[in-house]
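# coords below, sequence missing:
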């Protein structure tokens, strides 16, 4: 009986021992399988990390190449723009140089014009002196000695001139008036032009002096006075180079004074009387700006042209 109990206990322990061994074996297998999975995951992570590192290096290289390309492109654009602007800069310099040359030429022309006017004034003085020498003034009390008597002006057409003060000459008076007008001293220039007309009304430069009196009045805004001054040019000196200018400026003064119909007629008369001149073209332009037809003046110019 005792032997049987020992045998049963031995069998029971053996069974328990066999079951524990089986569980241990299964646990070892699970651990081994888990270790394999961890090894596989580690290898996958290593591979992914290596690939990511390669991608990061490629990205850095591409970024460096892109920066280099951008720098090259910027340098190329800068060089291209610089080369493109080089002719423009050279043209600007040439334009500036031409502007300086034009100003110098304008100054030279103004100086030449002033010299020519002085020469004209001197010639006028010389003519007056020759006329005085050829036809000396009558003695006091002689017939014709009165200032308004016929022949007192030596046969000259126009207003009678009084004797200028000692030392005054047409040359100096006109030159001083032009200089003062050009330098902005219009008041003094006006007095000098008036003196010139008082003492030298029959000289070649008298129409210009009368014209500049009208121009001074126009620039001052005295448009009625300007119209009267330009009328004096047209009435006293109808045949001289300043006549077309006086017509044009009279029309401008009439327009400024609000006398539109008279201004239109003046512009039309100018375009008909002096075709193919700068003043006529300016008159035509004024007529167009006023919305007035220029067909009448065009027809008149065609009639004035000689037939071929």
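Great, that's in hand. These numbers were taken from a predicted model, which means no experiment stands behind them.

# Might you report the residue contacts of residue 55?
With contact set as CB atoms under 8 Å, 6 or more residues apart in numbering, residue 55 has no partners. Glycine gets a C-beta too; all of them are placed from N, C-alpha and C.

# Tell me where this protein has helices.
Here the chain has its helices, by DSSP state H, at 2-134, 170-182, 186-199, 206-220, 223-236, 243-256, 260-273, 278-289, 295-304.

# Let me know the angle separating the third one from helix 170-182.
Compare the direction of helix 186-199 with that of helix 170-182 by axes from the mean of the first three to the mean of the last three CA atoms, to 10 degrees and you get 160 degrees.

# elements contacting helix 186-199?
helix 170-182, helix 206-220 (3 or more CB pairs under 8 Å, 6 or more residues apart in numbering; DSSP states H and E).

# May I see the ones you listed organised as TSV, with mean neighbour count added?
TSV is the format used below for these (neighbours: other CB atoms under 10 Å):
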stretch	mean neighbour count
helix 170-182	20
helix 206-220	22
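
# Including distance to residue 93 and mean pLDDT, could these go into CSV?
Formatted as CSV, the helices and strands packed on helix 186-199 follow (distance: least, CB to CB, whole Å; pLDDT from 0 to 100):
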stretch, distance to residue 93, mean pLDDT
helix 170-182, 31, 94
helix 206-220, 37, 96
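
# Wait, residue 205 touches residue 174, no?
Yes - the pair residue 205 / residue 174 is scored as a contact, 5.3 Å apart, by CB atoms under 8 Å.

# before we move on, back to that, take the helices and strands packed on helix 186-199 and write them to CSV, including distance to residue 290.
Conversion of the helices and strands packed on helix 186-199 to CSV gives the following (distance: least, CB to CB, whole Å):
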stretch, distance to residue 290
helix 170-182, 30
helix 206-220, 18
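
# for these, which one sits closest to residue 26?
Among the helices and strands packed on helix 186-199, the nearest to residue 26 by CB to CB is helix 206-220 (121.5 Å).

# I'd like to know which elements that closest one is packed against.
By 3+ CB pairs under 8 Å, 6+ apart, helix 206-220 packs against helix 170-182, helix 186-199, helix 223-236, helix 243-256.

# Could you identify which of those is most buried?
Among the helices and strands packed on helix 206-220, helix 243-256 has the highest mean neighbour count (mean count of other CB atoms under 10 Å), at a mean of 22.

# what does that helix rub up against?
Around helix 243-256, the neighbours that count as contacts under CB under 8 Å, 6+ apart are 207, 211, 214-215, 218, 221, 223-224, 226-227, 230-231, 233-234, 237, 260, 262-263, 266-267, 269-270, 273-274, 277, 279-280, 282-283, 286, 290.

# Can you pull the domain assignment for the protein?
Annotated domains of the chain cover 1-43, 204-308 [automatic domain parsing].

# The ones you listed: lowest mean pLDDT?
Within the domains of the chain, confidence is poorest for domain 1-43, with a mean of 76 (mean pLDDT).

# Leaving out chain neighbours, which residue sits closest to residue 164?
Leaving aside its sequence neighbours, residue 164 sits nearest to residue 199 (CB to CB, 6 or more residues apart in numbering; 3.9 Å).

# try residue 173
Nearest one to residue 173, counting by CB to CB, 6+ apart, is residue 196 at 4.8 Å.

# just checking, that neighbour touches residue 177?
Yes - in this structure, residue 196 is within contact of residue 177 by CB under 8 Å, at 6.3 Å.

# any common contacting residues for these two?
When CB under 8 Å, 6+ apart defines a contact, the residues bordering residue 196 and residue 177 alike are residue 209.

# what's the pLDDT at residue 165?
pLDDT, residue 165: 87.

# And it, how far from residue 173?
In this view, residue 165 and residue 173 are 10 Å apart by CB to CB, to the nearest Å.

# go on, residue 91?
Applying CB to CB to residue 91 and residue 173 gives a distance of 47 Å.

# try residue 241
Distance of residue 241 to residue 173, computed by CB to CB: 20 Å.

# do residue 112 as well
Here the criterion is CB to CB. By it, residue 112 lies 21 Å from residue 173.

# Also residue 70?
Distance, residue 70 to residue 173, using CB to CB: 76 Å.

# give the contact list for residue 218.
Going by CB under 8 Å, 6+ apart, residue 218 touches 226, 249, 252-253, 256.

# now do 10 Å
By CB atoms under 10 Å, 6 or more residues apart in numbering, the residues touching residue 218 are 225-227, 229-230, 249-250, 252-253, 256.
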